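Peer 1: Mind folding the following:
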Amino acid sequence: VQVPRVPSQPMTSSESRRFTNKHSKKALKASLTLGILLGMFFVAWLPFFITNVTQAVCGCVPAGFFDVLTWLGYCNSTMNPIIYPLFMRDFKRAMGKFLPCCRRSGEPRPSAISLSMRNSNSGARAATSLKNVL
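Peer 2: Here you go, the predicted model:
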């Protein structure tokens, strides 16, 4: 008599290794992405905050230098949309659906109505009433 394997039984060593390797690679990639994002944030904004405190204490920071550091911080915001697609495949796919330059040929662009209906819990009844309105 064979007893079917139930989920509470331990995995075999090869299954365990595959599971561990797959999740450790994802965790490593997520850590790398987070490290890059935080590193960019600190590189961009730390000089601004240090200069801001210095300006409050002694008032010896030139206005032009303060403006440059402010814009360095703003540049961090422009780097995020570049960093996310480079390191996150899911983000890249999601953006590809909405940006015409990144869409594959033959792939239809989702309409605002279909996105709204997909994100709502109202179901088919709301879809028919929405068609009546339009």
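Peer 1: Enumerate every residue touching V61.
Peer 2: Contact analysis of V61 by C-beta atoms under 8 Å, 6 or more residues apart in numbering lists 51, 54-55. No exception for glycine: its C-beta is placed from N, CA and C like everyone else's.
Peer 1: Tell me which other helices or strands the longest helix anywhere in the chain touches.
Peer 2: In the chain, with assignment by DSSP state H, the single longest helix is helix 13-58. With contacts defined as 3 or more C-beta pairs under 8 Å, 6 or more residues apart in numbering; DSSP states H and E, the packing partners of helix 13-58 are helix 63-87.
Peer 1: Now do the contacts for A27.
Peer 2: Applying C-beta under 8 Å, 6+ apart, no residues qualify as near A27.
Peer 1: Could I get the phi/psi values of G59?
Peer 2: phi 70, psi 30 (degrees, to the nearest 10).
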